[in-house]
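K.L.:
My questions are about this predicted structure, shown below with the sequence.
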Amino acid sequence: MIRTQFFDKKFEFLTIAQILEITGATLASETYQSQKISDIAILEKASANEISFLHSGPYADKFQASKAGFCFAEEKYLSKAPAGMIVFLHKNPYFAYSRIAASFYQEKKVEYAGEKLIHPSAQIGENTIIAPNAYIGKNVKIGKNCYVGPSASVMDNCIIGDNCNINAGAVISFAIIGDNCSFFNGAKIGQDGFGFAHHQGVNHKIIQLGIVEIANFVEIGANSCIDRGALENTSIGEGTKIDNLVQIGHNVVIGKSTVIAGCAAIAGSTKIGNFVQIGGKSSISGHINIGDGARIAGMSGVIRDVEPMQVLAGIPALPIRQWHKVNSKLAQMGKSRKKESETE
């Protein structure tokens, strides 16, 4: 399991009684509180011995179809619970989930080998060049013909394929990287996603248990950041090219051969298809889908799903012909107002 490559599981299981105590939840119906729950998972992937959570209404259909044996939910969704699911009632299911995630898992502690910058357990392929002040962590695997530049770091347990360039100041953590990838100066891969559960006036940190998976022939520009996933993984498809100063949030999935220009920002859990073009300084909301071949003009603000091959522009983003018409009408209105003011 990839998760345990990067995280330590503190308990093999938690009982229903323990989960009630940790979260303050209540049971929707009476059941044996000694039952064991082995892990956490999203609604679509949870099994009969795992616990999930329903955070908001848009996921109610997934809740209804889930095979999770246990789930946190608000009371108003109880009627949608599938037969056999044990529902933990909580006013803030997202907060309850965050407490259980932190109870099950913790990040593996970084293990330094004295003053050595390359950990003795690291496996380095032939013809790979590592700068004298680069850092290579415990159990790292780096393929053949790679380059790791000055002050770059590849943190514990990461896997790097063949023919990869990790340039000066880049940091790779919680990541599995394919072949022929390039990370330009200062790129940061695998840091925490921006995940907090607001509860009783406090923003509670949510442990981020996913990683970053990057396929072959991907390029990540200077000072760009790709957050690791919360439960599922952040994923970048083969041949995708990402410019400088791009922010990609946790759980984002990007398909093949997509290009993203500088200063774009993509919020968490958005899915972007193959061969998509995203212009510079564009902002894309979370939890939406961008279809294959879509094109988004620079400085656009995308807040809804985008159909395949659609071309969008503006804030909020509109089909580009509609956007041009709106701008034309605004310009005409401006001219009319100017004439009116001149005749007054």
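P.N.:
Received it, and whenever you're ready, just let me know what you need.

K.L.:
Do a quick rundown of the helices in the stretch 101-250 of the chain.
P.N.:
With DSSP state H, counting those that start in this stretch, there are no helices along the stretch 101-250 of the chain.

K.L.:
same question for stretch 23-40, mean pLDDT?
P.N.:
Mean pLDDT, stretch 23-40: 95.

K.L.:
what sits up against that stretch?
P.N.:
For stretch 23-40, contacts defined as C-beta atoms under 8 Å, 6 or more residues apart in numbering pick out 12-17, 19-20, 46, 49-52, 69-70, 72, 75, 78, 81, 86-90, 95-97, 99-101, 104, 209, 231. Just so you know, the C-beta spots here come from the backbone N, C-alpha and C atoms, and that holds for glycine as well.

K.L.:
Out of these, which sit inside strands?
P.N.:
14, 15, 50, 51, 52, 70, 72, 86, 87, 88, 89 (DSSP state E).

K.L.:
can I assume the fourth one is in contact with residue 68?
P.N.:
Yes: counting by C-beta atoms under 8 Å, residue 68 is a contact partner of residue 51 at 6.7 Å.

K.L.:
more crowded one of the two?
P.N.:
residue 68 (30 against 25; other C-beta atoms under 10 Å).

K.L.:
returning to what we had before: got TSV for the ones in strands among the contacts of stretch 23-40, with pLDDT and distance to residue 281 too?
P.N.:
As requested, the ones in strands among the contacts of stretch 23-40 are exported to TSV (pLDDT from 0 to 100; distance: C-beta to C-beta, whole Å):
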residue	pLDDT	distance to residue 281
14	98	45
15	98	50
50	98	40
51	98	40
52	98	36
70	98	43
72	98	38
86	97	47
87	97	44
88	98	43
89	97	43
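
K.L.:
Check these for burial and list the buried ones.
P.N.:
14, 50, 51, 52, 70, 72, 86, 87, 88, 89 (16 or more other C-beta atoms under 10 Å).

K.L.:
got the contact list for the fifth one?
P.N.:
When contacts are counted by C-beta under 8 Å, 6+ apart, residue 70 is found next to 16, 19, 37, 50, 51, 52, 85, 86, 87, 88.

K.L.:
Same check on the first one?
P.N.:
Contacts were defined as C-beta under 8 Å, 6+ apart; by that measure residue 14 touches 22, 36, 37, 100, 103, 104.

K.L.:
Likewise for the second one?
P.N.:
Residue 50 makes contact with 37, 38, 39, 40, 41, 68, 69, 70 under the criterion C-beta under 8 Å, 6+ apart.
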